[in-house]
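next one to model:
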Amino acid sequence: MARKNITRNKLPKPDVRQALLITRRNARMARSAHAYVRGNTSKFYEWLDGMESHALPEGPAIWICGDCHTGNLGPVADAEGRVEILIRDLDQTVIGNPAHDLIRLGLSLATAARGSNLPGLTTVHMMEALADGYERAFDEAAGDADIHAGKPEAVRVVMKEAVRRSWRHLAEERIEDLEPTIPLGPRFWPLAKRERREIEALFGKESLAELATVLRGGGEDADVEVLDAAYWVKGCSSLGRLRYAVLLDIDGAAVEGDDLCLIDIKEAAQAAAPRYPRVRMPRDNAERVVEGARHLSPSLGERMRAARLLDRAVVIRELLPQDMKLTIEQLTQDEAMKAARFLALVVGKAHARQMDSGERAAWLAELRRNRSKTLDAPGWLWKSILELVSSHAVGYLEHCRRYATEGGIK
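I've put the predicted structure just below:
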């Protein structure tokens, strides 16, 4: 089938991808301090490793996101098309300390505030709003109607767009066309023959074919055919791992929106996030990611499967038109407060649904301890944000210096 895209001869061959992807990742992380924070999970856990023992409270042993920055939250649809804001990237998920997610989200928001040239006092109030939103998820007496009524504009805009999107929007955004092919170019690179063969074999398995047919309403016995596939240049911290876009046809005919299915295949690497000792988690990294998703974001978890491809663990999920990334870049003071409170509530609910009433009450009591007269937020949260903002600012500038030396940015 002819492609309306860049000729293959001008695109990277599979054997030279890795170096190009690492260069691209460095470039993306150098765009802003907030981009550096989002793309450098390991920096966060290096800081955590250097902390004194018991500097942070030990919350209940639950599944946590492990990389809870603003870019990893956004609209997610369930199999029936219902949409809500959830954690949408679970690469780092482990059974661990929920305090880590709260701190990581606070760091992301504080860095966004600095990038928006907001005064330091605004960051102080953001951390108070963060604590308030998170705690409400565990307080049976607290309502969250006022938080939903005061959603930040970025959330309102993305939710409004998400609920009206159709397959046409997904196709035009992801593959830039309604034709049943994936256009090669800057975002999609050609596959090696072995990659193509293994992807086709993957969807010949009943368990994975069912992922596409059941969610698309095709029935368990519907035929699944791989129409096209390409290497997907996507993400930031995950650049350099296996990532593929696969276009499937359900039951033939390739009728627009009814029979086409866009699949994301992503390599699952070992998590940098520390897990609690003596807890049982799947050893396979893909199974770990899927299990974490089922606990933290059930609407997403039900659309994911673990598999093996090219001898590596991969997570497979169908992309729905309503799945979108939440972008919070430029904030006003009012929007900063709303964003901190609302997103913390989202994370808090993902944590709270895994706890019984006793665990929720005990964790809430811990969160409300050791408040000062000048800060209505946990002291350990504020101290952590101060240290992390400082260390990431230095790390960002050093990253830019090294990358500029290599000739990557002008």
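
for Asp249, give its distance to Glu398.
Using CB to CB, to the nearest Å, we find Asp249 at a distance of 48 Å from Glu398. To be clear about C-beta, it is placed using only N, CA and C from the backbone, and glycine gets the same treatment.

higher neighbour count, those two?
Between Asp249 and Glu398, counted using other CB atoms under 10 Å, Asp249 has the larger neighbour count: 20 against 10.

run through the bridge partners of that one.
Glu225, Leu260 (DSSP bridges).

let me know whether it touches Asp228 as I believe.
No - counting by CB atoms under 8 Å, no contact exists between Asp249 and Asp228, whose distance comes to 9.6 Å.

shared neighbours of the two, anything?
Residues touching both Asp249 and Asp228 (CB atoms under 8 Å, 6 or more residues apart in numbering) are Pro180.

if you drop the residues flanking it in sequence, what lies closest to Ala313?
Spatial nearest neighbour of Ala313, chain neighbours left out: Ala286 (3.8 Å); criterion: CB to CB, 6 or more residues apart in numbering.

you'd agree that neighbour is up against Val315?
Yes - Ala286 sits in contact with Val315 when judged by CB under 8 Å, with a separation of 5.0 Å.

so the spatially closest residue to Ala273 that is not a sequence neighbour: helix, strand or coil?
What sits nearest to Ala273 in space, not counting adjacent residues and going by CB to CB, 6+ apart, is Gly66, at 3.3 Å. State at Gly66, reduced to three classes by DSSP: H, G, I helix; E, B strand; the rest coil: coil.

going forward, count from 629.
Yep, numbering from 629; the last one is Gly694 now.

quick check: Gly694 vs His682, distance?
21 Å.

neighbour-wise, which of these two wins?
Ranked by neighbour count (other CB under 10 Å), Gly694 and His682 place Gly694 first, with 29 against 7.

which residues sit in contact with that one?
With CB under 8 Å, 6+ apart, Gly694 has these contacts: 669, 718-722, 724, 728-729, 899-901, 920.

how about these in JSON lines, adding distance to Leu888?
Shown next, in JSON lines, are the contacts of Gly694 (distance: CB to CB, whole Å):
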{"residue": "Thr669", "distance to Leu888": "33"}
{"residue": "Leu718", "distance to Leu888": "26"}
{"residue": "Asp719", "distance to Leu888": "27"}
{"residue": "Gln720", "distance to Leu888": "31"}
{"residue": "Thr721", "distance to Leu888": "29"}
{"residue": "Val722", "distance to Leu888": "35"}
{"residue": "Gly724", "distance to Leu888": "38"}
{"residue": "His728", "distance to Leu888": "39"}
{"residue": "Asp729", "distance to Leu888": "35"}
{"residue": "Ala899", "distance to Leu888": "33"}
{"residue": "Ala900", "distance to Leu888": "36"}
{"residue": "Ala901", "distance to Leu888": "35"}
{"residue": "Gly920", "distance to Leu888": "29"}
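
closest to Val791 out of those?
Nearest to Val791 among the contacts of Gly694, counting by CB to CB, is Leu718 at 23.1 Å.

and the closest one, what is it in contact with?
Going by CB under 8 Å, 6+ apart, Leu718 touches 693-694, 917, 920-921, 924-925, 928.

quick one: which helix or strand includes the residue nearest the centre of the chain?
Centroid-nearest residue in the chain, with CA atoms, centre = their mean: Asp717, separated by 2.5 Å. Counting by DSSP states H and E, no helix or strand carries Asp717.

mind checking pLDDT for the closest residue to it other than its chain neighbours?
The shortest distance from Asp717 to any non-neighbouring residue, by CB to CB, 6+ apart, is to Asn700 (4.0 Å). As predicted, Asn700 sits at a pLDDT of 93.

so Asn700 sits right up against Leu714, yeah?
No - using CB under 8 Å as the test, Asn700 is too far from Leu714 to be in contact (9.9 Å).

off-centre distance for stretch 917-924?
Offset of stretch 917-924 from its chain centre (CA atoms, centre = their mean, to the nearest Å): 12 Å.

what is in contact with Ala914 and Val943 at once?
By CB under 8 Å, 6+ apart, the residues touching both Ala914 and Val943 are 896, 934-935.

buried residues in the longest helix belonging to the chain?
With secondary structure taken from DSSP state H, the chain has its longest helix at helix 1007-1033. Buried residues in helix 1007-1033, counted by 16 or more other CB atoms under 10 Å: 1008-1010, 1012-1013, 1016-1017, 1019-1020, 1023-1024, 1027-1028, 1031.

farthest-apart pair in the residues you listed, please.
It's Trp1008 and Tyr1031 that sit farthest apart of these, by CB to CB, at 33.3 Å.

neighbours of the closest residue in space to Ala978 that isn't next to it in sequence, how many?
Counting by CB to CB, 6+ apart, Leu924 is the residue found nearest to Ala978 once chain neighbours are left out, at 4.5 Å. Counted with other CB under 10 Å, residues neighbouring Leu924 total 27.

could you do Ser985 as well?
10.

where do the strands sit along the chain?
For the chain, applying DSSP state E gives strands covering 690-692, 701-705, 711-715, 722-724, 816-817, 852-860, 871-878, 888-895, 932-937, 940-946.

of those, which stretch is the most buried?
Among the strands of the chain, strand 690-692 has the highest mean neighbour count (mean count of other CB atoms under 10 Å), at a mean of 27.

what pairs with it, parallel or antiparallel?
For strand 690-692, pairing defined by DSSP bridges yields strand 722-724 (antiparallel).

distance from the partner strand to the middle of the chain?
Relative to its parent chain, strand 722-724 has a centroid offset of 16 Å by CA atoms, centre = their mean.

quick one: contacts of it?
Contact with strand 722-724 is made by 689-692, 694, 899, 901-904, 907, 909, 916, 920, as judged by CB under 8 Å, 6+ apart.
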